[in-house]
Every structure is written in structure tokens, then in C-alpha cells.
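Undergrad: What would the 3D arrangement of this be:
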Amino acid sequence: MSLKYVAFEVKDQIAFVTLNRPEKFNALNFQMFLDICEAQRQIRRDSSIRAVILTGAGGNFSSGLDVKSVMKQPMQAVRLLFKWLPGNANLAQRVSIGWQRLPVPVIAVLEGHCYGGGMQIALGADMRYASPGSDFSIMEAKWGLVPDMAGLAMLRSILPRDKALELTLTAEILSAQQAAEYGLITRVYEQPGAEALAMADRIRQTSPDAAAAIKHSTHRSWLAGVRSLLARESWYQIRLLAGRNSKIAARRQTKDPDKAWSQRQSW
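TA: Alright, predicted model coming up:
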């Protein structure tokens, strides 16, 4: 499937996903939702990919939902929100939570505006590196809406409830420094793209199976009960010890630091 509004490239085991509608500040139209989900599917199928760098073209991450475009065709809104079961993710939610479900770390590079739906997508990433001039807003309340793109799944684990309510109730626009103080973004860098690439390269030096297990265990256990956390830790450790990459990790530490990793297990 060709992607119209998302640029997708894999280079040196790193997937580069770029929201690519710069003339509209990468505002989210219906096709872009489809393209993001397709990029996620391609990453999930490719076991050679070790990390994802998610960014926006033209100096902005995303200004949020292109309301005018979506509302021109009411069936598009229906398709965005439709789901067979209430607990499943619909198309609008998959563009955020889909990043959390991948077996590889996802780093969002945030420049310019990151508002509304764009913020929800960024919250789906595992790390968010922002430029000093970027700004952020959970903007849905401004349009009389509730944030409904699954960003809360991450927001509740990174912000106290009162601060999350402050931001969602007011639709306040935050500078990069303010967003960092809240904990909404991970770090502020003069060159966030270069820093994301350096982090992805560091991730490539570790076991792909360990990275997948750490990511899944962290997301699934962060707000889980202790018994569930302990069970998941033990199960993942057994799977890792039984896999080839555990033996390769030991060899890299003792004999051959350049020994190539085996392909990632299915997680």
C-alpha cells in the first residue's frame, strides 16, 4: 500500500516515519490516519527494525485534526470512531496506542506545533524529544470535545491526575520548557532529530528481544497490580533466556563485542 501523507523509510535498522502534509502543518485528514496505521503495520511485520523515529515535515509535528476536511465527509468521522467492541481501539485511537503496541522503541521528534491530535500521536511514542521553539497543547476542549485518540493511556502514566486535568480542561498552549516541567515531553534539545538518532543507535547495540520485552513489560505493567507485574517479568525472562539473543548477549560481553544479533522473536 502506498502512503500519501506519511513518508516511510527504513535505514540501518531504524524506521523513519514522517507526517507529510507540511502545507497544512501536518493536520490530520482521514487518509493520514490510514497511512499512519499502515506504517505501523509495516514496522510490526519487519523484524529487522530496531527503533522508530517519528517526526513531522516542514518544521511542525502536527497542528491536530483537520476538522474541516473530515467534516466535509461525515462517513469519514464515522469510520474514524467506529469499533466492533467498546474496549477495542478504533482508527482514531490506533494512531496513538499503535506505537505502544510495537515491539520496538518509538522516539518522537517534536518541532513547531504539536496540538490536539498531534499531541495524542506524540503521547503514543515511548520518548518525546522536542526543540526549544516547539509548543504543545491537549486542545480538544477548545473544540468542545474530549481527547479520544488514546493519548490518555500514556498521559495517565506520566502526569499526576490534577496536572492532566489542568491541561485537558483548559487547552492551554505550553512552551517546550513548560511541557518538560510538566513531564509531557522527555527532553528539550537544540537538535532533537540528531539526539533521537543517537538514542536509536544506542538501542541498536542491545538485544532486540530484550528491547521488545522491556517495552511490553513496562507498558503492560506500569499501572498493573504487583502480582501481574511479577508474573509478566518472570515469563518474559524465561522467554529471553531460552532465545538465541540471550546467548549472543553473553558472548558480546565476554568474547566478541561485534557479534551480530539474531532476528527478533515474535512478541
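
Undergrad: hang on, G118 packs against G64?
TA: Yes: judged on CB atoms under 8 Å, G118 makes contact with G64 at a distance of 5.2 Å. Bear in mind the C-beta positions are built from the backbone N, C-alpha and C, glycine included.

Undergrad: Find residues that contact each of the two.
TA: Taking CB atoms under 8 Å, 6 or more residues apart in numbering as the contact rule, the neighbours common to G118 and G64 are L28.

Undergrad: Skip ahead from the least confident helix or strand in the chain by mean pLDDT and say which helix or strand is next.
TA: Across the helices and strands of the chain, mean pLDDT, DSSP states H and E gives its lowest value to helix 67-72, namely a mean of 84. Downstream of helix 67-72, the next assigned helix or strand under DSSP states H and E is helix 74-81.

Undergrad: what mean pLDDT does that next one have?
TA: Regarding helix 74-81, the rounded mean pLDDT is 89.

Undergrad: Can you name the residues in contact with the following helix or strand past it?
TA: Beyond helix 74-81 in the direction of the C-terminus, DSSP H and E gives the next helix or strand as helix 91-100. In this structure, residues lying in contact with helix 91-100 by CB under 8 Å, 6+ apart are 28, 33-34, 36-37, 40, 52, 54, 79-82, 89, 106, 117, 120-121, 123-126, 148-151, 153-154, 219.

Undergrad: ok so, going back, tell me the buried residues in the least confident helix or strand of the chain?
TA: Within helix 67-72, the residues that qualify as buried are 67, 69-70, counting by 16 or more other CB atoms under 10 Å.

Undergrad: list the helices and strands that helix packs on?
TA: Packed against helix 67-72, as judged by 3 or more CB pairs under 8 Å, 6 or more residues apart in numbering; DSSP states H and E, are the following elements: helix 74-81.

Undergrad: other SSEs contacting the helix or strand containing V17?
TA: V17 is located in strand 14-19, with elements delineated by DSSP H and E. For strand 14-19, the elements it packs on are strand 6-11, helix 30-45, strand 51-56, helix 192-204, judged by 3+ CB pairs under 8 Å, 6+ apart.

Undergrad: Mind doing that once more with 6 Å?
TA: strand 6-11, strand 51-56 (3 or more CB pairs under 6 Å, 6 or more residues apart in numbering; DSSP states H and E).

Undergrad: Highest mean neighbour count across these, which stretch is it?
TA: When the helices and strands packed on strand 14-19 are scored by mean count of other CB atoms under 10 Å, the highest mean neighbour count falls to strand 51-56 (a mean of 25).

Undergrad: who does that one pair up with?
TA: Applying DSSP bridges, strand 51-56 is found paired with strand 14-19 (parallel), strand 106-110 (parallel).

Undergrad: Format those strands as TSV; extra columns: distance to A213.
TA: Output for the strands paired with strand 51-56, formatted as TSV (distance: least, CB to CB, whole Å):
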stretch	distance to A213
strand 14-19	19
strand 106-110	16
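
Undergrad: Just the element for the spatially most central residue of the chain, please.
TA: Most central in the chain under CA atoms, centre = their mean is A125, positioned 2.2 Å from the mean C-alpha point. A125 belongs to no helix or strand when assigned by DSSP H and E.

Undergrad: measure the residue nearest to it when sequence neighbours are not counted to F82 for me?
TA: In space, A125 comes closest to A108 once its chain neighbours are excluded; the distance is 3.7 Å by CB to CB, 6 or more residues apart in numbering. Applying CB to CB, to the nearest Å, the value for A108 to F82 is 27 Å.
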